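Q: Have a look at this prediction, sequence included:
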Amino acid sequence: MTSFAEAPSKPSPQATLLIVDDDPLIADSLGFLLRDDFSIVNAASRTEALNLLSRLASPPLLALVDLGLPPNPHLPDEGFALIGDLLARAPEMRIVVLSGQSEQAHARHARTLGATEFVSKPADPALLRQLLHTLLRVAPAGLASPTTAGLIGKSAALQKLLQQIQPLADSPYPVLIEGESGVGKEIVARHHLHATTTRSQRPFLAVNCAAISPALMESTLFGHTKGAFTGATQAHAGCFEDAQDGTLFLDEVGELPLDLQPKLLRVLENGEFHRVGETQVRRARARIIAATNRDLRLEVRNGHFRSDLYHRLSVFTLNMPALRDMGEDRLVLLEHFANQLARESGCTAFQLEPAAIAQLMQYPFPGNVRELRNIAIRLIARYAGQSVSAEQLMAEFDPFNLATANTHAGSNEQLRQQQLQTGTFNLDHALSQFEQDYIQTALTLARGNMSQAARLLGINRTTLYARMDSAGERNTADRNHREQGH
């Protein structure tokens, strides 16, 4: 558990803390200990947490998440998935993993997925409270800051993107922004396609299509009239009306329910829409910018996204580069985050030693800029005013992604030596994790269709079942080995 020399001031009573733990004794104890500092909301599973999030007026600023959640409380899979789900719906949420599954590999993987910190059970209540206060005191930081709004970096990939953006900024036509999670798609929409245009004084409204229940999506976008459905006690304008003649940003548009896509298509085609339960035709004036981390062309081929809607949204398309393709921009961004966090925390920024800089340049950053930002938060908490060594920096990396860094950076004997010298590398785990990750990605792309997933992996379906069974047996053996105290 990280300790902090200076206890920050008490947060506002409005600061909400989400606690996700399937053990009611632990959840109740944490709620009791932290109730004077935060407004507590509880969930016992991933599904319950996401349902709770969809009902809240605004997402919690903080979350304490256990890795071992139903239906497989002895494995970290549900907790890992929940981290991604929470950040997809609330990108600025600070997630602290509080778990008894405290293997270093789990801690590092949780951080790679976007968790800010990992704390082993049982935790010291005073230090846990202090950590949460410290995370609240650090203002949300992204690719931009109030004084340097916009993308930061000098790489050829970023400069090419900026050149592509410039002629599109003041256009009235839709723009589709594609890219991996954590690359800063909303930064482009807000600061480059809105704030620098003639719409800059008009509303900018962002809607995360992954964060809203499908049952509420139509009302959220188009509004509803009084009595349109149970609970509609008064008429309510939707996002298209609230955005007026500004910009409406539809993040994660690939998550839009298939039955709602024709209604969005109609708005794009003729600007017309209806509130739910109303026959009056209304007109949309906002410019539409959409973003996705999915391959929408593949979604169209698989029947999950309408072809005509895709072509309407992608009048112009921008492809965001991954951080691993931005060269030394990762150093520029880390320095930016370090200085920004130091100012906000009232401390001195850290510095990387030369070996740590070399290590930073080798790491593939699967979590992109969001992962880099979280690393900066942890480093400023631990090493403010100090020099950070390669070993200290490597402790923040996911060992699986560190093991595969050679794929992105070429063969590197020094990297392998440093990795093995940490004492945490396990070849069987790395190979097993590599296989499981590709299987899970294939299943995600195939939406659970085993035959299609097998084709994506280049194996037959029987082999895929065998590999999945083998992975399950390895996980069970590892768990039994741990539970026997070995």
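A: Received the coordinates, thanks.
Q: in the stretch 351-486 of the chain, which ranges drop under the pLDDT threshold?
A: 398-425, 429-430, 433, 444-447, 470-486 (pLDDT under 70).
Q: same thing but 90
A: 362, 364, 366-367, 370-371, 374, 377-378, 381-382, 391, 394-486 (pLDDT under 90).
Q: all helices of it, in order?
A: Applying DSSP state H, counting those that start in this stretch to the stretch 351-486 of the chain gives helices spanning 354-362, 368-383, 390-394, 399-403, 405-409, 413-421, 427-445, 450-457, 461-483.
Q: In the third one, which residues are buried?
A: It refers to helix 390-394. 390, 392-394 (16 or more other CB atoms under 10 Å). For the C-beta atoms, the positions are set from N, CA and C on the backbone; glycine is no exception.
Q: can you list these in CSV and add distance to D28?
A: Output for the buried residues of helix 390-394, formatted as CSV (distance: CB to CB, whole Å):
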residue, distance to D28
A390, 43
Q392, 37
L393, 38
M394, 38
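Q: just the strands in the stretch 151-300 of the chain please.
A: Ranges of strands in the stretch 151-300 of the chain, per DSSP state E, counting those that start in this stretch, are 175-178, 204-208, 223-224, 236-237, 247-251, 272-273, 282-283, 287-292.
Q: To D66, which of those lies closest?
A: Each of those was scored for nearness to D66 using CB to CB, and the closest is strand 204-208 (24.3 Å).
Q: so what strands line up beside the closest one?
A: Strand pairing for strand 204-208, determined by DSSP bridges: strand 247-251 (parallel).
Q: Helix or strand with the lowest mean pLDDT in the protein?
A: The helix or strand of the chain with the poorest confidence is helix 405-409; it has a mean of 46 (mean pLDDT, DSSP states H and E).
Q: State the number of residues packed around the closest residue to G84 other than its chain neighbours.
A: Sequence neighbours aside, L113 is the residue nearest to G84 in space, at 5.6 Å (criterion: CB to CB, 6 or more residues apart in numbering). By other CB atoms under 10 Å, 25 other residues sit near L113.
Q: residues contacting L113?
A: For L113, the contact set (CB atoms under 8 Å, 6 or more residues apart in numbering) comprises 80, 83-84, 87, 367.
Q: Then G367?
A: By CB under 8 Å, 6+ apart, the neighbours of G367 are 112-114, 181-182, 374.
Q: Looking at these, which is nearest H224?
A: S181 (31.1 Å).
Q: Can you report how many residues lie near the closest one?
A: Taking other CB under 10 Å as the neighbour definition, S181 ends up with a count of 18.
Q: Could you check how far it is from L296?
A: In this view, S181 and L296 are 15 Å apart by CB to CB, to the nearest Å.
Q: do the same with T441
A: Between T441 and L296 the computed distance is 17 Å (CB to CB).
Q: and the two? which has more neighbours close in?
A: Per other CB under 10 Å, whichever of T441 and L296 has more neighbours is L296, with 22 against 13.
Q: The more buried one and E252 touch, don't they?
A: No: L296 is not in contact with E252 according to CB atoms under 8 Å; the separation is 11.2 Å.
Q: Residue nearest the middle of the chain, spatially speaking?
A: Residue closest to the average C-alpha location in the chain (CA atoms, centre = their mean): L87, at 3.8 Å.
Q: Excluding chain neighbours, what is closest to that residue?
A: By the measure of CB to CB, 6+ apart, the closest residue to L87 outside its immediate chain neighbours is G114, 4.5 Å from it.
Q: Contact partners for the one you found?
A: Counting by CB under 8 Å, 6+ apart, G114 touches 83-84, 87, 95, 182, 367, 370-371, 374.
Q: which of those count as buried?
A: Neighbour-count burial (16+ other CB under 10 Å) applied to the contacts of G114 gives 83, 87, 95, 182, 367, 370-371, 374.
Q: Looking at these, which one is closest to L131?
A: Nearest to L131, judged by CB to CB, of these is I95 at 12.0 Å.
Q: quick one: secondary structure of that closest one?
A: Each residue gets one of three states, and I95 gets strand by DSSP: H, G, I helix; E, B strand; the rest coil.
Q: doesn't L67 make contact with it?
A: No: counting by CB under 8 Å, I95 does not reach L67; the two are 11.3 Å apart.
Q: How is the chain divided into domains?
A: Taking automatic domain parsing as the reference, the chain has its domains at 16-137, 156-320, 324-425, 428-483.
Q: Look up phi and psi at M326.
A: Backbone torsions of M326, given as degrees, to the nearest 10, read phi -110, psi 20.
Q: what's around it, how many residues?
A: M326 has 23 nearby residues by other CB under 10 Å.
Q: again, but for R55
A: Using other CB under 10 Å, R55 has 9 other residues around it.
Q: what's the answer for G346, then?
A: G346 has 10 neighbours, counted by other CB under 10 Å.
Q: Look up how far R137 lies from it.
A: To R137, G346 is 9 Å away according to CB to CB.
Q: what's the answer for S451, then?
A: Here the criterion is CB to CB. By it, S451 lies 51 Å from R137.
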